[in-house]
Each structure stands twice: as structure tokens, then as C-alpha cells.
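[1] Compute the structure for the input listed below.
(one chain, ligands or ions: 1)
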Amino acid sequence: MHSIFDQFMITGQVVIITGGAGLIGRRHMEAVLEGGGIPVLLDIFEEPLQKAKEEYMAKYPDAVIETYVADITAEESLCEIRDALLAKYGHIDGLINNAANNPKMEGGSKNMGAIQFHNFPLDIWQEDLMVGLTGSFLCAKIFGTVMEKQGKGAIINISSDYGVISPNQSIYRKEGIPEEEQIIKPVSYSVVKHGLMGLTKYLATYWGKKGVRVNTLCPASLFNGQDEEFVKRISELIPMGRMSRPDEYPATVLYMLSDASSYMTGATVILDGGRTIW
Ligand SMILES: NC(=O)c1ccc[n+]([C@@H]2O[C@H](COP(=O)([O-])OP(=O)(O)OC[C@H]3O[C@@H](n4cnc5c(N)ncnc54)[C@H](O)[C@@H]3O)[C@@H](O)[C@H]2O)c1
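    Below you'll find the predicted structure:
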């Protein structure tokens, strides 16, 4: 008889992680490695991909980590990656749709800054939807179809607490700055994160009897060196009274990828310290 912990193992399974070189993407890789799987990181820049790989090869010296420089909005290159993985391993078992134009409150991202709704540029809207929604659609189509043929697979769409609630823009405000120059979370972020839930539900029913499970994970409020005032404001909106740590996600990701969650599909798993219930 298998133990409950055995159900969490994904030994030898090939799991694609889009935006795999980013802050949370690396933690998804950790989840896959802990389960004995083979993470396949897709990202647009070579250097952060190689750094992520080196960092985790040092921690997991016997692991296999695949990396591909790829833009998930380019269907052709996704097809090439699919073919290369099938030639090498013969199967693709998981997909984490994690890449996004992720606006940082520090203001370093081009889609977050002194852009109000009334002057939000069409090109940024289109770029954000292209990566967050179109990229996820393409990955689900290309890699999920392999899983359908295999009769087994797990897809996780990474949404956000902002896939459930609207941003409370007051937490981003800076005193003494005119309204037009205040930083706000972009409308495209809300639309992408809500949209991914639609993709999850559509595919969970479409592939319901085909062995491909599709679920949404909503991370929230990751602490990443934000300033003290911001941390205080956001923490007041969270029943647990604090932001999340990156190490608080991998266990849930492994659960969602593995047979431990074999009867879960179309679900939304929210890790937000309770923020969305307030
Ligand atoms: N950090 C948070 O507080 C937080 C909270 C809730 C949800 N999320 C979600 O988690 C996911 C990961 O967030 P993160 O904080 O790690 O962001 P991040 O910016 O560190 O990582 C995103 C990665 O996606 C890559 N990427 C962007 N466009 C791409 C493309 N076209 N093709 C391939 N890769 C591309 C980037 O290069 C980057 O490495 C995002 O979907 C984000 O919306 C993050």
C-alpha cells in the first residue's frame, strides 16, 4: 500500500515552468525537484535562466534541469520545445503557466508607474494580455494537448489575489505626490489574472474525462524588499497580518502537480493570508 506522502512524488515527470527564472518561477522549480521531477524552465533571457539553473544544481546535484530561452507568445518556438522534449523524454507531464508582465510596486516595470487608467497605453495593455493570457493559452494548447494524448497531466495557472479582488490602490500611494503621478496597479494585471481563472475552468471541463487536471493557484503579497510603509499598509489588509514568503508556495505547487490532488480540477487555491476574505 502506498503512503500518503508517496502520492506527492512526481518522479521523472517533465514539468514546464514559464517565467521559470523569476522570483516565484524558481520556487516552482524547487517544488518539481523535491518531487523528483524534471523542471523545464522557459524564459526570455539567457542569463537569469542559467543563474537559476546553477543555483538549484548546487542544491540538487543529481537533478536534471532543462532551460530554454523562449518567448511564450511565439507559437513556433513552443512547438520546437515540445518536439525536443518529446524526442528526449517521450512525455510532458506538467505545465505551470507562471510568466507574466509582473508590475512591481517599486516602479521598475514599464507597466506600473505614473500611468492612470485614463491614459493607460493600448500597446502596454496588448503586451500584458499577450504574455499573461495569450502565452498561457498557447502553452496550454501545445503542451496540454500532449498530456491529453497521454491521458494524464496537470496544469497550474498562476493567478493572484488580484484575480479574485480588485487592487486597493491606496496601498501604493506616496504622500506629497500629485494624483497624476501616483503609482497604481495596471488594469491589465486585473484582467489577466481574472482571465486565467476562465482558462482554468474552460480547460478543466474540456479535458475533464481525459486525465488532464487544470487548476488555478493565487499567490499574494510576496515580501521582496518593499519599503516599510508599503509593508505596513498591505499587512493591515491581511488577516494574518503579514506578507508571504517565497518558501510558502512550493508545497502547494507539488500537491497540485501530483496525484495527491488527483480529484481536484477547475479549482482555485488561494494562498493570501486571508486577504481576499476581508
Ligand atoms: N510577486 C508577487 O507578489 C506575486 C503575487 C501574486 C501573483 N504573482 C504572479 O506570480 C507569477 C510570477 O511572479 P514573479 O513575482 O516571480 O515575477 P517575475 O517578474 O520575477 O517573473 C516573471 C518571469 O516571466 C518572464 N517572462 C516575461 N515575459 C515572458 C515571455 N513572453 N516569455 C517567457 N517568459 C517571460 C520574465 O522574464 C520573468 O523571469 C506572475 O504570474 C505573477 O503575476 C506574483
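[2] For the ligand, what is the nearest residue in the stretch 1-150 of the chain?
    Proximity of the stretch 1-150 of the chain to the ligand (C-beta to the nearest ligand atom) peaks at G22, 2.1 Å away. No exception for glycine: its C-beta is placed from N, CA and C like everyone else's.
[3] residue contacts, the nearest residue to W278 once chain neighbours are set aside?
    Spatial nearest neighbour of W278, chain neighbours left out: P239 (6.0 Å); criterion: C-beta to C-beta, 6 or more residues apart in numbering. If you count contacts by C-beta atoms under 8 Å, 6 or more residues apart in numbering, P239 has them with 273-275, 277-278.
[4] What count of nearby residues applies to E127?
    16 (other C-beta atoms under 10 Å).
[5] what about the strands in the protein?
    14-18, 38-43, 66-69, 94-97, 153-158, 212-218, 268-270 (DSSP state E).
[6] The longest one to strand 153-158, inter-axis angle?
    When you say that, I think you mean strand 212-218. For strand 212-218 against strand 153-158, the angle by axes from the mean of the first three to the mean of the last three C-alpha atoms, to 10 degrees is 20 degrees.
[7] residues in this protein within reach of the ligand, list them.
    18-19, 21-25, 42-45, 48, 71-73, 98-100, 102, 131, 135, 158, 160, 219-222 (C-beta under 6 Å from any ligand atom).
[8] Only the buried subset of those residues, as a ChimeraX command please.
    Typed into ChimeraX, the line below selects the buried ones among these, using 16 or more other C-beta atoms under 10 Å:
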select :18,19,21,22,24,25,42,43,44,48,72,73,98,99,100,102,131,135,158,160,219,220,221
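[9] can you list the strands of the chain in TSV and add distance to K53 and mean pLDDT?
    Listed next are the strands of the chain as TSV, based on distance: least, C-beta to C-beta, whole Å; pLDDT from 0 to 100:
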stretch	distance to K53	mean pLDDT
strand 14-18	12	99
strand 38-43	7	98
strand 66-69	5	98
strand 94-97	16	99
strand 153-158	20	99
strand 212-218	23	99
strand 268-270	27	98
